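Novice: got a predicted model here, sequence first, then my questions.
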Amino acid sequence: MHTTVEFPEIVTLIKVSDVRLGATVAVKTTSGETAIYLTRERTLLDAVYDWARFDTLPRAFDWIRADLKKRRIDPENLVNTVLHFGDVGTRRRFGYLLEQESCEERFLSKIERSLKRPTSFIPLIPQRKKQGKVVPRWGVVDNEERITSNVS
């Protein structure tokens, strides 16, 4: 039996290594099919990890901040996903971002323990100049230009 599925948007599939697979949820569709999706935490991680492929930084940081504020994601699940699937640069960026968002120290420490003491600094936003606040704990240069607003 052949089933036709219509997508509301164009979908681009990419090949990834087997070790990068995981952090998924199975969802039953109204037609009874099972669809496999990435968890929200994994999707946000990939927006930072694969920023060059998807052109998602610095927007990904805004998505993460908003999801934390609205409690759409669990900080512990996010940290565990970052530790399992994130590379060194991704873990450094998440550590700094979560510290800025007043994440619990126990979660920050988990990320910090997974890293070697930084000997060089990476820009928070790789496609911008490496100028800004130097953050030794995470080995990042905060070159993000945030716009503060009184609108919530």
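Specialist: Noted; the coordinates are in hand.
Novice: wait, what's in contact with the nearest residue to Gly132 once chain neighbours are set aside?
Specialist: For Gly132, ignoring the flanking residues on the chain, the nearest one in space by Cβ to Cβ, 6 or more residues apart in numbering is Asn143 at 4.0 Å. All C-beta spots, glycine's among them, are computed from the backbone N, C-alpha and C. If you count contacts by Cβ atoms under 8 Å, 6 or more residues apart in numbering, Asn143 has them with 123-125, 128-132.
Novice: the residue lying closest to Thr56 once chain neighbours are set aside - how many residues pack around it?
Specialist: The spatial neighbour of Thr56 that comes closest, neighbours along the chain excluded (Cβ to Cβ, 6+ apart), is Ala47 at 4.1 Å. By other Cβ atoms under 10 Å, 19 other residues sit near Ala47.
Novice: for the strand or helix carrying Ala47, packing partners?
Specialist: Assigning secondary structure by DSSP states H and E places Ala47 in helix 40-49. Helix 40-49 sits against helix 59-69, helix 75-85, helix 88-100, with contacts defined as 3 or more Cβ pairs under 8 Å, 6 or more residues apart in numbering; DSSP states H and E.
Novice: return the most buried member of those.
Specialist: helix 88-100 (a mean of 21; mean count of other Cβ atoms under 10 Å).
Novice: so after that one, what's the next helix or strand?
Specialist: Assigned by DSSP H and E, the successor of helix 88-100 is helix 105-113.
Novice: what is the following helix or strand past that next one packed up against?
Specialist: Once the chain leaves helix 105-113, the next helix or strand it forms, by DSSP H and E, is strand 122-123. Packed against strand 122-123, as judged by 3+ Cβ pairs under 8 Å, 6+ apart, are the following elements: helix 88-100, strand 140-142.
Novice: got the ones you listed as JSON lines, with mean pLDDT and distance to Glu76 columns?
Specialist: Shown next, in JSON lines, are the helices and strands packed on strand 122-123 (pLDDT from 0 to 100; distance: least, Cβ to Cβ, whole Å):
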{"stretch": "helix 88-100", "mean pLDDT": "98", "distance to Glu76": "11"}
{"stretch": "strand 140-142", "mean pLDDT": "97", "distance to Glu76": "22"}
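Novice: quick one: closest of the ones you listed to Thr39.
Specialist: helix 88-100 (15.1 Å; Cβ to Cβ).
Novice: pull the residues that contact the closest one.
Specialist: 45, 48-49, 61, 64-65, 75, 78-79, 82-83, 86, 107-108, 111-112, 114-115, 118, 122, 124, 135, 137-140, 142.
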